[in-house]
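Participant: I'll drop the sequence and a predicted model, then ask my questions.
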Amino acid sequence: MGNCSCKETHIGHYCNHCVPEKFGLDCEFDCPEGCTTCDLNGNCTLCYPGYHGSKMCKCSNRCLDNKCDKWTGRCERCKPFFKWPCENCVDGKYGKNCERDCPDNCFSCLSETNCTKCKNGFYGINCNFTCSNENCINSCSPGYYGQNCKRRCYNTCNLCTSFTECHSCKDGFWGYQCENKCPENCSNNRCQINQSCVSYLPGFYGQFCNLTCPQNCMDSCTISGACNNCKHGYHGNRCNETCSERCLQDYCLMNGNCEQCTSGFYGTQCERTCPSQCLECTDESLCNSCINGYFGRNCSQQCGYCKDNTSCNINTGHCEQCADDMYGSKF
């Protein structure tokens, strides 16, 4: 038996697979950006470095060199001005990409008008007040105040103008005298002067990080308790709805749409049934693959004398192998 050459878009012993980055019945379509290989519906099955999950899920723009875990999306390393786990800015920076400098007198901030910690010598919500000569913080080390810096601030206070008037707390404390501990679930043990967390530990939400994210959230949720991502098999804002059993491997998007359907079904939630001879289909009139012995647009035509009822080309009906004592492409 002679050998034949595959078309440039096909590979495999019988030329029945697409080359990387191609998909479709005749391998005529390009996979989404970032995919090495994808299925007949255009869903990624293997990603290039810098991409994760299915479809076109790119790494966070906070990841250094666009490198992250291909399934969870967690950065391998952070870009400059982000601190691990690449969710918050380093001290002195703020903004979407942490590219903006905090006001001159802020040690750390959330915005141009919201300092979370002042530099030595300054106090106030925006760190815009200079300490007086009587309260010479300007030249005092953190934790001291008064002339010649001989007086100690309250032990949890970082900057003060008197023993009872603190303007910047040590990490982990809040209040007028920094007498209160930050909620235990605040990330990096940091909270604002009103007790609200600067950022949250994974699994918690709410102004004071005292509420637990829904149990099926993947790692984290928003301040309102909506999940950022769901665990396998769940969807919805709070991940409290199960994916359709017709979703392949019970995997679906946050909106409940299936990434890929189990054999014999199609539709956004795989709610529709393919024609009877189809293994996979795009709609009721276009099959992507047929059960052995059938071919055609809707798998309604029977293959010829293929060996042991093996499959034939879905478009042409040509057998992959002929039955014993038979030859030719089809009959």
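Facilitator: Received it, and whenever you're ready, just let me know what you need. Numbering: from 1, shown residues only.

Participant: domains of the chain?
Facilitator: Domain assignment for the chain by automatic domain parsing gives 1-79, 87-212, 213-273, 278-331.

Participant: and the average pLDDT for the last one is what?
Facilitator: The one in question is domain 278-331. The average pLDDT within domain 278-331 is 79.

Participant: OK, contacts around Asn88?
Facilitator: 82, 187-188, 198-199 (CB atoms under 8 Å, 6 or more residues apart in numbering). All C-beta atoms are positioned from the backbone trio N, CA, C, and that covers glycine.

Participant: give me the number of residues near Phe265?
Facilitator: 21 (other CB atoms under 10 Å).

Participant: who's in contact with stretch 252-269?
Facilitator: Applying CB under 8 Å, 6+ apart, the external contacts of stretch 252-269 come out as 39, 41, 43, 54-55, 227, 229-230, 235-237, 241, 243-244, 246-248, 251, 270-274, 278-283.

Participant: ok, now with 7 Å
Facilitator: 39, 41, 43, 54, 230, 235, 241, 243-244, 246-248, 251, 270, 272-274, 278-283 (CB atoms under 7 Å, 6 or more residues apart in numbering).

Participant: can you check stretch 91-104 too?
Facilitator: If you take CB under 7 Å, 6+ apart as the criterion, stretch 91-104 is touched by 81-82, 89-90, 107-112, 115, 126-127.

Participant: mark which of those residues are buried, thanks.
Facilitator: Among the contacts of stretch 91-104, those that count as buried by neighbour count (16 or more other CB atoms under 10 Å) are 81-82, 89, 107-110, 115, 126-127.

Participant: strands - which of the residues you listed land there?
Facilitator: Within the buried ones among the contacts of stretch 91-104, membership in strands is found for 82, 89, 107-110, 115, as judged by DSSP state E.

Participant: and for Tyr305, the neighbour number?
Facilitator: Counted with other CB under 10 Å, Tyr305 comes out at 16.

Participant: sorry, that was for Gly264
Facilitator: Count around Gly264 with other CB under 10 Å applied: 17.

Participant: so what's Cys68 bridging to?
Facilitator: Cys75 (DSSP bridges).

Participant: residues in contact with it?
Facilitator: Counted by CB under 7 Å, 6+ apart, Cys68 has contacts 52, 59-60, 74-76.

Participant: sweet, I'm off.
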